[in-house]
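Engineer: starting from these lines, generate the structure:
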Amino acid sequence: MKNKKTLVLGASAKTHKPVFKAIELLVEKGHSVLAIGQNTGEVAGIKIRTKAIPLKNIDTISLYLNPKNQRDYYNYIVEAQPKRVVFNPGTENPELYQLLELNNIKVDVACTLTLLVTNQY
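Structural biologist: Below is the predicted model of the structure:
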């Protein structure tokens, strides 16, 4: 399996959140992970940052932000030029889909956890 450098946007160190398990599983499966969230913390050795960080060679951005909170990151996501953005359940956003597609970024409305568990990531 190829290492897919992934930015998790909307990361949380709260163990009951799906994003926590997604970060754990990404690390377990050997992917390089960067994480940005509302609060600092750490998951599986990955530090959660609260501010945008410079991005290079990002394969996937896994979104865990509701559409309203995504707006602040539109330019950041487009400028990162990932190959794809995974819209996890509850993050669906047709406005952002359109912006991504205009910039040749693949939109994947799916669940990062399911993609990882079924080896479709």
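
Engineer: which stretches of this structure have low pLDDT?
Structural biologist: For the chain, the stretches with pLDDT under 70 are 1.

Engineer: the residue of it most remote from its centre and V78: what is the separation?
Structural biologist: In the chain, the residue that sits farthest from the middle, by CA atoms, centre = their mean, is L102; the gap is 19.4 Å. L102 sits 9 Å away from V78, going by CB to CB, to the nearest Å. Any C-beta I mention is one placed from the backbone N, CA and C, and that applies to glycine too.

Engineer: V117 now?
Structural biologist: 29 Å.

Engineer: who's more crowded, those two?
Structural biologist: More crowded of V117 and V78, by other CB atoms under 10 Å: V78, with 16 against 12.

Engineer: the more buried one against L99, yeah?
Structural biologist: Yes. Taking CB atoms under 8 Å as the definition, V78 is a contact partner of L99 at 6.6 Å.

Engineer: and the lengthiest helix in the chain, what does it pack against?
Structural biologist: Of all the segments of type helix in the chain, defined by DSSP state H, the longest one is helix 18-28. With contacts taken as 3 or more CB pairs under 8 Å, 6 or more residues apart in numbering; DSSP states H and E, helix 18-28 sits against strand 6-11, strand 33-37, strand 41-43, helix 112-117.
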